[in-house]
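> Okay, sequence plus prediction incoming.
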Amino acid sequence: MILHLYFARRFFLSFLVITFVLFALVALVDLVDQTRKFGDFGISFPQILGLTLLNVPETINQILPLIMILATVVLFVGLARSSELVATRAAGRSALRALIAPVGVAMIIGGLAVTMLNPIVAGTSSRYSQLTESYRTGGASTLSISAEGLWLRQGSETGQTVIRAWRSNKDASVLYDVMFLEYAPGGGPQRRVAAESATLEPGGWLLKNAKEWPLRAGQNPEGNAQIHATLKIPSTLTLERIRESFGRPGSISIWHLSDFIDQLDQAGFSSRQHRVWMQSELARPVFLMAMVLVASAFTMRHTRFGGTGVAVLAAVLLGFSLYFIRSFAQILGENGQIPVYLAAWAPPAAAVLLALGLLLHVEDG
């Protein structure tokens, strides 16, 4: 038990050091990138720094498998150079038993990544999207899905518009049973429009069978209401921006994702991408465990045999290959080519089996 705790402590310290180094490196690169993107919008350095700090957690979350591989490499290369690994083998510990502690720590880190890091990244990435939209256009556009339908907000220099629709088509380009409520820059409502449908076209929404009520002070809304067969309402929204508002599962906390999937289905959207993402997040601890096993299969060897650099490179390349296969399987699952559970759980399970096969081959020949 003392040996397991020693390995666990060494592995966790390696993980913390590598995470801190990569966090600083990613933050520096992202700061330069944010300065380049928003240098012409007149925002201050503290605002750019705030955007950087909001964007970095998402990158760290994405490269967590790489951090796990590097932490495993640092652990076992250090143990091999100090001959501690040889002493462990001489004491009768097999390679698989020596991996119990690092694999257990990886599972714990994976569980924390799903339950704690995921909500943090969801909040920071959502806030980052809102701020970048605000800095670029002077307003913000957001989409909210609820049991009462979907709510969309678009903004510009002329004011804000709240859009409510009971349902839509799959890509949100057509809204049905829709209502537009326009607000003046000062904050007061100035017009309400209800329509049978609204189609998003370049430059605005095209409403069919619409009824318009003015909401200015001193006017009778119903007495001055107008009916239009078609009505065009200007908008800076595009389909890509609407999809970004609700189409990025990473901007939704894992704790709320299940309810959001149900609301997407009720509103008429396709929830397949979100279901694949949810299952992939739940399978993340298994995938991180596979990264530890893969890296250890190449580095649990004494340095006197030579070829340490080649072994480390092989471990990193195999880790990247498994990460690419996992991402490719997720894309196939999102496009409906393979089942959701197969897309999310097959790559981690296959990576674990592959790593165990390499370990058994190294250990027993």
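Thanks, I have it. Numbers count the residues shown, from 1 in each chain.

> Look at the closest residue to Arg248 other than its chain neighbours and say how many residues are nearby.
Leaving aside its sequence neighbours, Arg248 sits nearest to Ser125 (Cβ to Cβ, 6 or more residues apart in numbering; 7.4 Å). The way it works is simple: take the backbone N, C-alpha and C, and place the C-beta from them, glycine included. Neighbour count for Ser125, taken as other Cβ atoms under 10 Å: 19.

> Please give me every residue in contact with Ser125.
By Cβ atoms under 8 Å, 6 or more residues apart in numbering, the contact list for Ser125 reads 54-55, 57-58, 248, 250-251.

> Out of these, which end up buried?
Neighbour counting with 16 or more other Cβ atoms under 10 Å marks 54-55, 57-58, 248, 250-251 as buried within those.

> Return the member of those nearest to Val340.
Gly250 (16.9 Å; Cβ to Cβ).

> I figured that closest one was touching Ser280, is that so?
No: the criterion here is Cβ atoms under 8 Å, and Gly250 misses it with Ser280 at 10.5 Å.

> Direction included, what does the longest strand along the chain pair against?
Assignment by DSSP state E gives strand 189-201 as the longest strand of the chain. Strand pairing for strand 189-201, determined by DSSP bridges: strand 174-183 (antiparallel), strand 204-214 (antiparallel).

> Now that strand: buried residues?
Quick answer for strand 189-201 (16+ other Cβ under 10 Å): 189, 191-195, 197-198, 200.

> JSON lines please, covering the residues you listed and showing distance to Phe7.
Listed next are these as JSON lines, based on distance: Cβ to Cβ, whole Å:
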{"residue": "Pro189", "distance to Phe7": "64"}
{"residue": "Arg191", "distance to Phe7": "67"}
{"residue": "Arg192", "distance to Phe7": "66"}
{"residue": "Val193", "distance to Phe7": "66"}
{"residue": "Ala194", "distance to Phe7": "66"}
{"residue": "Ala195", "distance to Phe7": "65"}
{"residue": "Ser197", "distance to Phe7": "63"}
{"residue": "Ala198", "distance to Phe7": "61"}
{"residue": "Leu200", "distance to Phe7": "57"}
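
> pLDDT below threshold where in the stretch 151-300 of the chain?
For the stretch 151-300 of the chain, applying pLDDT under 70 flags the ranges 156-158, 170-171, 187, 240-247, 266-269.

> how about the helices in it?
239-246, 254-267, 272-282, 284-299 (DSSP state H, counting those that start in this stretch).

> Select, out of these, the one closest to Ile2.
The closest of the helices of the stretch 151-300 of the chain to Ile2 is helix 284-299. By Cβ to Cβ, the value is 20.3 Å.

> related to what we said a few turns ago, what sits up against the longest strand of the chain?
Contact with strand 189-201 is made by 159, 163, 165, 172-184, 205-216, 221, 231, 233, 235, 237-239, 242, as judged by Cβ under 8 Å, 6+ apart.

> re the thing from before, nearest to Asn118, of the contacts of Ser125?
For these, the nearest to Asn118 is Gly250 (8.3 Å; Cβ to Cβ).

> quick revisit: so which of the strands paired with strand 189-201 is nearest Gly42?
With Cβ to Cβ as the criterion, Gly42 lies closest to strand 174-183 of the strands paired with strand 189-201, at 25.1 Å.

> Go through the closest one and flag the buried ones.
In terms of neighbour count (16+ other Cβ under 10 Å), strand 174-183 has its buried residues at 174-175, 178-183.

> Tell me the one among the residues you listed nearest to Ile108.
Nearest to Ile108 among these: Leu175, at 45.0 Å, using Cβ to Cβ.

> In space, what's closest to that closest one - neighbours in sequence excluded?
Of all residues not flanking Leu175 in the chain, Ala165 sits nearest, at 3.7 Å (Cβ to Cβ, 6+ apart).

> In this structure the one you found contacts Val178, no?
Yes: if you go by Cβ under 8 Å, Ala165 and Val178 touch, sitting 4.2 Å apart.

> which ones are touching the nearest residue to His228 once chain neighbours are set aside?
Closest residue to His228 apart from its sequence neighbours, by Cβ to Cβ, 6+ apart: Ala210 at 4.7 Å. By Cβ under 8 Å, 6+ apart, the contact set of Ala210 is 193-196, 227-228, 230-231.

> Understood, closing this out.
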